[in-house]
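Q: this one's sequence-less:
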């Protein structure tokens with residue numbers, strides 16, 4: 001009887017294994033590739049996991065390393081300065097040289113600007129993903145998810161986005177309600193170019209409820225008006241954010257030396273801060289770093 005029971009168990013296991021095989025392994029993990037995403041250049045299908053990625057976008061470079069695809073990157077453009085281990089080259093994302101790009105034998109190229117490079121590389125059989133500058137935080141999240149998907153790191157991409165969402169929510173809630181009336185001036189360059197609430201940068205300030213003084217001065221609706229010193233002083237911003245500290249050596253000290261600025265609320269309240277130019281101009285994972293600086297200064301008394 002014992003032997004018969006053992007034989008029955010063995011037979012049952014065999015039948016179950018055969019049934020599982022015949023069903024096509026319906027409980028097996030589905031393959032990651034091919035994967036199709038809807039990018040700036042339409043539907044893009046990546047047939048297999050890329051192992052030779054070229055990034056011509058500093059934001060994409062940061063994202064690639066954040067989602068765990070850094071080891072798959074063989075070259076990045078001359079503006080990709082983060083992270084430090086990124087394989088920086090002389091490739092240009094603004095004036096891309098198709099032959100130079102093709103020289104790296106890429107199986108995936110990520111760009112933020114087109115200018116004809118997408119079609120040229122596609123003619124060579126190279127898969128290209130166009131991830132243009134995001135207009136909203138939601139668009140930035142979607143691009144991070146897409147880069148995670150096309151590189152074989154979908155879970156990591158989702159994890160990065162969820163972490164960003166959690167961090168941003170905490171930072172926004174950390175700012176007291178009394179600070180939500182504050183007026184902000186975001187300086188792009190020493191000649192007073194700024195960014196309005198219609199831009200990606202401006203939308204970060206809107207998350208905190210701040211009033212952007214550049215909004216009322218954007219008569220052409222470009223999103224990036226050039227203000228005057230007199231206008232800024234009269235608007236009396238409570239916060240001044242300098243995103244021209246690296247390029248143009250602007251600091252709280254240089255701002256205080258500007259004619260009439262000594263009476264500006266931000267100067268008197270010690271709310272003139274510098275933000276690394278690259279952090280303030282990109283829409284990748286370091287959005288959180290930018291928001292953290294803003295939250296910190298907003299809480300100053």
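A: Right, received. Where do you want to start? Since the model is a prediction, treat every value here as computed from it, not as a measurement.
Q: quick one: mean pLDDT for the helix or strand that residue 293 is a member of?
A: In the assignment (DSSP states H and E), residue 293 maps to helix 287-298. Average pLDDT, helix 287-298: 96.
Q: and it, what's buried?
A: By 16 or more other C-beta atoms under 10 Å, the buried positions in helix 287-298 come out as 287-288, 290-295, 297-298. Quick note: C-beta positions are derived from backbone N, CA and C, even for glycine.
Q: go on, stretch 163-176?
A: By neighbour count on 16+ other C-beta under 10 Å, the buried set for stretch 163-176 is 164, 167-168, 171-172, 175.
Q: could you do stretch 64-80 as well?
A: Residues of stretch 64-80 classed as buried by neighbour count (16+ other C-beta under 10 Å): 64-70, 72-77, 79-80.
Q: are we agreed that residue 74 is in a strand?
A: Yes. Checked against DSSP: H, G, I helix; E, B strand; the rest coil, residue 74 lies within a strand.
Q: how far away is it from residue 168?
A: Computed as C-beta to C-beta, to the nearest Å, the residue 74 to residue 168 distance reads 32 Å.
Q: show the residue spans covered by the helices in the chain.
A: Along the chain, the segments classed as helices by DSSP state H run 2-22, 58-66, 98-102, 117-123, 137-150, 154-174, 200-208, 229-235, 245-248, 252-256, 265-268, 277-281, 287-298.
Q: which residues touch residue 240?
A: 184-185, 187, 255, 264, 266-267, 271-273 (C-beta atoms under 8 Å, 6 or more residues apart in numbering).
Q: try it again with 6 Å
A: By C-beta atoms under 6 Å, 6 or more residues apart in numbering, the residues touching residue 240 are 185, 266, 272.
Q: just the buried ones from these, in PyMOL syntax?
A: In PyMOL, this line selects whichever of those come out buried by 16+ other C-beta under 10 Å:
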select buried, resi 185+266+272
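Q: kindly indicate which of the contacts of residue 240 lies nearest residue 220.
A: Set against residue 220, the nearest of the contacts of residue 240 by C-beta to C-beta is residue 185 (18.6 Å).
Q: how about the nearest residue to the closest one, chain neighbours excluded?
A: residue 237 (4.0 Å; C-beta to C-beta, 6 or more residues apart in numbering).
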